[in-house]
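> the sequence isn't on hand, but the structure is:
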């Protein structure tokens with residue numbers, strides 16, 4: 001109950017304008033735009049938490065609080081989310097990966113585990129390509145279920161069209177009907193649906209299209225470190241391993257798209273089981 005309350009409060013802190021907290025650090029990209037992040041703790045590898053589409057860094061608040069006790073942790077707002085600036089015209093997975101690199105460079109991180117939820121999984125893969133040997137592992141959270149599954153342009157357009165016509169209504173409905181199970185905590189569902197449907201439609205739709213076109217198979221093949229998924233729905237492990245022999249996955253049954261919010265204690269245990277052998281503690 002305490003963990004769920006913390007997660008709910010973290011989302012309540014988010015006002016309509018998108019701010020997440022009053023104490024972020026700032027890294028600036030090559031164009032001088034501000035990327036907001038938080039960093040705490042000590043010990044390597046550093047865990048870098050990357051949120052998903054139309055979310056923000058406080059979705060990781062419970063994991064940030066837990067893992068900072070044993071190692072250094074970083075959570076960031078990708079550009080156009082939370083408290084980071086929204087001065088980009090290129091709303092792509094590759095551009096978001098640059099945000100992650102900007103923060104890692106600002107902190108001079110040399111050994112990192114990139115942990116990405118949903119859209120953050122592809123962002124983590126792309127960032128791992130850019131960071132090279134500084135990355136020791138990538139973790140996807142309800143992400144990268146089957147990298148061989150591709151949608152046609154027609155299928156993508158059919159999916160995106162309702163969001164263009166009515167972004168708020170379509171996003172709210174999509175979150176409620178597809179991102180949560182029917183027995184999910186109602187207050188959590190309401191909060192997430194409200195926050196995700198309140199972002200700027202233009203950038204949100206552009207990043208959605210980039211995600212749907214993204215070649216995760218090629219990215220997985222280009223990343224030469226273990227990639228581990230913590231998913232809540234079935235994962236095509238065999239297909240993914242064809243692109244990365246180090247790919248593994250564990251399934252958390254009975255949870256929806258946000259396991260780190262729905263059952264943060266259980267999620268932390270699962271994540272710790274993977275991260276612990278990578279560290280020096």
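That came in fine, so what should we check first? Just so we're clear, the structure is a prediction, and the values are computed from it rather than from any experiment.

> quick one, helices of this structure?
2-12, 61-67, 93-106, 120-131, 153-165, 167-178, 186-196, 201-213, 216-222, 237-241, 259-262, 264-275 (DSSP state H).

> just checking, what packs against the last one?
Translated: helix 264-275. In terms of contacts (3 or more CB pairs under 8 Å, 6 or more residues apart in numbering; DSSP states H and E), helix 264-275 is packed against helix 2-12, helix 61-67, strand 135-141, strand 227-231, helix 259-262. For the C-beta atoms, the positions are set from N, CA and C on the backbone; glycine is no exception.

> mean pLDDT for these: which is lowest?
Least confident of these, judged by mean pLDDT, is helix 2-12 with a mean of 52.

> most neighbours per residue, which of the helices of the chain?
helix 120-131 (a mean of 26; mean count of other CB atoms under 10 Å).

> which strands or helices does that one pack on?
strand 46-50, helix 93-106, strand 112-117, strand 135-141, helix 216-222.

> tabulate these (JSON lines), appending distance to residue 232.
Output for the helices and strands packed on helix 120-131, formatted as JSON lines (distance: least, CB to CB, whole Å):
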{"stretch": "strand 46-50", "distance to residue 232": "17"}
{"stretch": "helix 93-106", "distance to residue 232": "22"}
{"stretch": "strand 112-117", "distance to residue 232": "11"}
{"stretch": "strand 135-141", "distance to residue 232": "9"}
{"stretch": "helix 216-222", "distance to residue 232": "18"}
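
> of all these, which lies closest to residue 148?
Distance to residue 148, taken as CB to CB, is lowest for helix 216-222 among the helices and strands packed on helix 120-131, at 5.8 Å.

> who are the packing partners of the closest one?
helix 120-131.

> how far off centre is the helix it packs on?
11 Å (CA atoms, centre = their mean, to the nearest Å).

> kindly calculate the angle that it makes with helix 93-106.
Inter-element angle recorded for helix 120-131 and helix 93-106: 60 degrees (by axes from the mean of the first three to the mean of the last three CA atoms, to 10 degrees).

> ok, residues contacting helix 120-131?
Applying CB atoms under 8 Å, 6 or more residues apart in numbering, the external contacts of helix 120-131 come out as 50-52, 78, 93-94, 96-98, 100-101, 104, 112, 114-116, 135, 138-141, 143-144, 211, 214, 216, 219-220, 222-223, 225, 227, 229.

> just the angle between that helix and strand 227-231, please?
170 degrees.

> okay, the angle between helix 120-131 and strand 112-117?
Using the same axes, to 10 degrees: helix 120-131 against strand 112-117 is 150 degrees.

> the helices and strands packed on helix 120-131: which one's closest to residue 154?
Per CB to CB, nearest to residue 154 of these: helix 216-222, 19.9 Å.

> what mean pLDDT does the closest one get?
For helix 216-222, the mean per-residue pLDDT is 97.

> run through who's touching it.
121-122, 125-126, 129, 144, 147-148, 227, 240, 243-244, 247.

> one more time with 10 Å, if that's ok
Contact partners of helix 216-222, identified using CB atoms under 10 Å, 6 or more residues apart in numbering, comprise 93-94, 97, 121-126, 128-129, 138, 140, 143-150, 215, 227, 239-244, 246-247.

> so what pairs up with the nearest residue to residue 39 once chain neighbours are set aside in the strands?
Residue nearest to residue 39 in three dimensions, not counting chain neighbours: residue 74, with 4.8 Å by CB to CB, 6 or more residues apart in numbering. For residue 74, the residues forming beta bridges with it (DSSP bridges) are residue 39, residue 48.
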